[in-house]
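Asker: Quick one, what's the 3D model for this:
(one chain, ligands or ions: 2)
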Amino acid sequence: MGKTTFSPSSLPCDRLPSPPLELTYRNMTSAIEAATRIPRDSHPISRTNISDSALKVMSRLRSQGYQGYLVGGAVRDLMLGNQPKDFDVATDATPEQVHELFRNSRIIGRRFKIVHVRFGREIIEVTTFRGHHDDVEPEEKPKETQRQARQAASGMLLRDNVYGSLEDDAIRRDFSVNSLYYCSSDFSVFDYAQGVRDLEQRQIRIIGDPEKRYREDPVRMLRAIRFAAKLDFDIEADTAEPIADLAYMLEAVPAARLFDEMLKLFMAGYALRTFTLLREYQLLDHLFPATASALDETPYALALIEAAMRSTDERIAADKSVTPAFILAALLWPPTIQLMRQIEDTGAAPLAALQEAAQTIVSEQIHHIAIPRRFTMPMKEIWEFQLRLLKRRGKQVNSMVAHRRFRAAYDFLLLREASGEDLDGLGKFWTELQEKLPPAPPGGEADDSSEEEAPRRRRRRRRRPRKQ
Ligand code: ATP
Ligand code: MG
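Answerer: Ligands and ions are numbered 1, 2, ... in the order given. Have a look, this model is predicted:
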């Protein structure tokens, strides 16, 4: 790829001089040796692949005298010839200034203030350039900076709303391949962290000192895994090195944030590869500790989880609906079944033992990852259904097939068998039974996996007038 190197400028990109430019190195940090400008004819990004909404946001920002660049995953994916799933914009306008420019926008976040600009169903995320405040000791920082930024003793950033220049922003980003900026007015790409080299070498490289960057935000360890799995990239050696030692830091990350990250890890179409890397880097022990320890002790556990991940990936590739409840059912089944057996040994009936085990495992798990009830409920139903599916006779058998949870439970049963569990032909029994039954009426499809995704509608109870 032909590159021209230039001195970074804070001018909006449409006012930057056009190439060829002088080769200028800036002595900013060791992470950034040179800022490189890649002109339109030397990179593959075409405006036609960029969302109109993102283009509108950038052009509006520029028309008001601000800078506006496409950044992050969108530039990375476009450089690789992939279609991005969303578009992020970076600007020098503050969140409040951005909000003022777009009526259809709102400021969200506390740890990171960002602005969501909404166009129908599409949301363009606009972030203000971050400054790097963390090289200064807290007491040396001006009061205002201290209020905008907070860092725990562990090095973790609790708040990060210090704004800076484009160059500052570039080194505050996580990985070099996520730190490319596309200017939609002169069509060039700006590379401050050798992101293009790393794209070419197909590697995930963290910007700056790896240990320090993971301490600031331990979720970056998960992000390294996620991008390596998604892009099928290697994790560069220095970036990979501290992960296993610092994995314990995930315990300090709020459980609600880890739930969001978990969805990104497993529901993006690369769950199997992601799961393998999470184990390899010992991150699974801090995300799903009960699962991690049951994996070595429970027969077929690994094969079952891998089969669930593979099936989720295949469904996503085929544009079919998926639900986190199913993946969670597979992930937490090994420790649950292990505990259930122990409870059964004390004389409890199977269903009671399963329910107690499920309750114990779930309440322990949600300390790590805050799984909402709308996913734990169907997950428990899939498990309980495994006991009901053992019954091959009786009146209930036919009606069970029509149950809303049957489809997921049956799929789960097949996965258990496929992973080596001997269930005495149970899967075949239920397959043949369904073939014998008359087809379900249209619209009566038992697959309700999308139901969990839909926001729950609150049922309003009508207030009765109080009796006097
Ligand atoms: P995806 O394709 O999943 O959207 P993405 O790279 O766009 O990938 P986002 O979570 O949308 O990821 O974040 C947008 C950009 O913000 C990233 O590319 C990165 O530059 C920056 N970023 C996000 N999270 C962090 C973080 N924890 N630390 C530093 N930079 C981050
Ligand atoms: Mg993104």
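Asker: In the stretch 201-350 of the chain, what residue lies closest to ligand 1?
Answerer: The minimum distance from the stretch 201-350 of the chain to ligand 1, using C-beta to the nearest ligand atom, falls at Asp217 (4.6 Å). Where C-beta positions appear, they are placed from N, C-alpha and C, glycine not excepted.
Asker: Kindly report the same for the stretch 1-150 of the chain.
Answerer: Gly73 (2.4 Å).
Asker: That residue: what's it in contact with?
Answerer: By C-beta atoms under 8 Å, 6 or more residues apart in numbering, the residues touching Gly73 are 84-86, 88, 178.
Asker: which among the residues you listed end up buried?
Answerer: Buried subset of the contacts of Gly73 (neighbour count, 16 or more other C-beta atoms under 10 Å): 84, 88, 178.
Asker: For the residue lying closest to Glu241 once chain neighbours are set aside, give its distance to ligand 2.
Answerer: Closest residue to Glu241 apart from its sequence neighbours, by C-beta to C-beta, 6 or more residues apart in numbering: Pro210 at 6.7 Å. According to C-beta to the ion, to the nearest Å, Pro210 and ligand 2 sit 22 Å apart.
Asker: Is any residue of stretch 184-202 near ligand 1?
Answerer: No: for a cut-off given as C-beta under 6 Å from any ligand atom, stretch 184-202 has no contacts with ligand 1; the smallest distance is 9.7 Å.
Asker: start to end distance for stretch 73-86?
Answerer: Separation of the first and last residues of stretch 73-86 by C-alpha to C-alpha, to the nearest Å is 8 Å.
Asker: Make CSV out of the contacts of Gly73 and add distance to Ile382, secondary structure and pLDDT.
Answerer: Converted to CSV, those look like this (distance: C-beta to C-beta, whole Å; DSSP: H, G, I helix; E, B strand; the rest coil; pLDDT from 0 to 100):
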residue, distance to Ile382, secondary structure, pLDDT
Pro84, 33, coil, 95
Lys85, 28, coil, 90
Asp86, 31, coil, 94
Asp88, 36, strand, 97
Asn178, 36, helix, 97
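Asker: Domains in this protein, by residue range?
Answerer: For the chain, automatic domain parsing gives the domain ranges 4-253, 288-436.
Asker: First-to-last residue distance for the last one?
Answerer: If I follow you right, that is domain 288-436. With C-alpha to C-alpha, one end of domain 288-436 sits 40 Å from the other.
Asker: Comparing the domains of the chain, which yields the minimum mean pLDDT?
Answerer: Lowest mean pLDDT within the domains of the chain: domain 4-253, at a mean of 83.
Asker: From the chain's centroid, how far away is that one?
Answerer: Here domain 4-253 is found 17 Å from its chain centre; the criterion is C-alpha atoms, centre = their mean, to the nearest Å.
Asker: hmm, back to that, and ligand 1, which of the contacts of Gly73 contact it?
Answerer: Answer for the contacts of Gly73 near ligand 1 (C-beta under 6 Å from any ligand atom): 85-86, 88, 178.
Asker: from those residues, which single one is nearest Ala301?
Answerer: Lys85 (31.5 Å; C-beta to C-beta).
Asker: isn't the residue nearest to Glu241 right up against Ala237?
Answerer: No: using C-beta atoms under 8 Å, Pro210 makes no contact with Ala237, being 9.9 Å away.
Asker: So if I had to pick from those two, which one is more boxed in?
Answerer: Pro210 (22 against 10; other C-beta atoms under 10 Å).
Asker: Show residues contacting whichever helix or strand Gln97 is part of.
Answerer: For Gln97, the element it lies in under DSSP states H and E is helix 95-101. Applying C-beta under 8 Å, 6+ apart, the external contacts of helix 95-101 come out as 60-61, 64, 66, 91, 93, 105-107, 113-115, 117, 126, 128.
Asker: Could you pick out the buried ones from the residues you listed?
Answerer: 61, 66, 91, 93, 105, 113-115, 117, 126, 128.
Asker: near ligand 1, from these?
Answerer: Counting by C-beta under 6 Å from any ligand atom, no member of these reaches ligand 1.
Asker: Walking through the stretch 151-300 of the chain, point out its helices one by one.
Answerer: Counting by DSSP state H, counting those that start in this stretch, the stretch 151-300 of the chain has helices at residues 166-172, 195-200, 210-216, 219-231, 237-240, 243-246, 255-266, 271-280, 284-287, 289-297.
Asker: just so I know, which of the ones you listed lies nearest Arg341?
Answerer: That would be, of the helices of the stretch 151-300 of the chain and by C-beta to C-beta, helix 289-297, which comes in at 11.1 Å.
Asker: contacts for the closest one?
Answerer: Helix 289-297 has contacts (C-beta under 8 Å, 6+ apart) with 279, 284-285, 301-302, 305, 331-332, 334-335, 338, 361, 364-365, 368.
Asker: okay, it in CSV with CA atoms only?
Answerer: Taking C-alpha atoms only, helix 289-297 is exported to CSV below (Å, rounded to 0.1, in the frame of the first residue of the first chain):
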residue,chain,number,x,y,z
PRO,A,289,-15.6,-20.1,36.9
ALA,A,290,-18.0,-23.0,37.6
THR,A,291,-17.9,-24.0,33.9
ALA,A,292,-14.1,-23.7,33.7
SER,A,293,-13.7,-26.1,36.6
ALA,A,294,-16.5,-28.5,35.5
LEU,A,295,-14.9,-28.8,32.1
ASP,A,296,-12.1,-30.9,33.2
GLU,A,297,-14.3,-33.1,35.5
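Asker: what comes up buried for that helix?
Answerer: Neighbour-count burial for helix 289-297 flags 289-292, 294-295 (criterion: 16+ other C-beta under 10 Å).
Asker: Could you export these as JSON lines, including distance to ligand 2?
Answerer: Shown next, in JSON lines, are the buried residues of helix 289-297 (distance: C-beta to the ion, whole Å):
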{"residue": "Pro289", "distance to ligand 2": "29"}
{"residue": "Ala290", "distance to ligand 2": "31"}
{"residue": "Thr291", "distance to ligand 2": "28"}
{"residue": "Ala292", "distance to ligand 2": "29"}
{"residue": "Ala294", "distance to ligand 2": "34"}
{"residue": "Leu295", "distance to ligand 2": "31"}
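Asker: Show me how far stretch 405-424 is from its chain's centre.
Answerer: On C-alpha atoms, centre = their mean, the centre of stretch 405-424 falls 28 Å from that of its chain.
Asker: Contacting ligand 2 as well, which ones from the contacts of Gly73?
Answerer: 86, 88 (C-beta under 5 Å from the ion).
Asker: ok, so of the contacts of Gly73, who is nearest Leu250?
Answerer: Asn178 (20.1 Å).
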